[in-house]
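Visitor: Sequence first, predicted coordinates after that:
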Amino acid sequence: MRIITHSCPACGTVIAANELEDNRVMKCPGLDCQEVLRFDDLPEDAREHFLEHRDRYQI
Ligand SMILES: [Zn+2]
């Protein structure tokens, strides 16, 4: 299974795509990081792949 993650551009914290998809917009979980991360920040091909196979990404 392809692992889809997004790295915060400010601090490098890695967030799983399913967390982003649940929240759509979320504050970076990194310590002292105020960056706001969006599911839409993922590359289009990664979003499409995730949405096609989202049942497999549920924890
Ligand atoms: Zn961050």
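Guide: That came through, no problem.
Visitor: Would you point out which residue is most central in the chain?
Guide: Ranked by distance to the mean C-alpha position of the chain (CA atoms, centre = their mean), the top residue is residue 17 at 3.3 Å.
Visitor: contacting residues for the closest residue to that residue other than its chain neighbours?
Guide: Among residues not flanking residue 17 along the chain, residue 4 sits closest, at 3.8 Å (CB to CB, 6 or more residues apart in numbering). C-beta here means a position set from N, CA and C on the backbone, and glycine is covered the same way. Contacts for residue 4 (CB atoms under 8 Å, 6 or more residues apart in numbering) come out as 16-17, 42, 46, 49-50, 57.
Visitor: now with 10 Å?
Guide: Residue 4 makes contact with 16-18, 20-21, 42-43, 45-47, 49-50, 53, 57, according to CB atoms under 10 Å, 6 or more residues apart in numbering.
Visitor: And residue 54, by the same measure?
Guide: Contacts of residue 54 (CB under 10 Å, 6+ apart): 17-18, 21.
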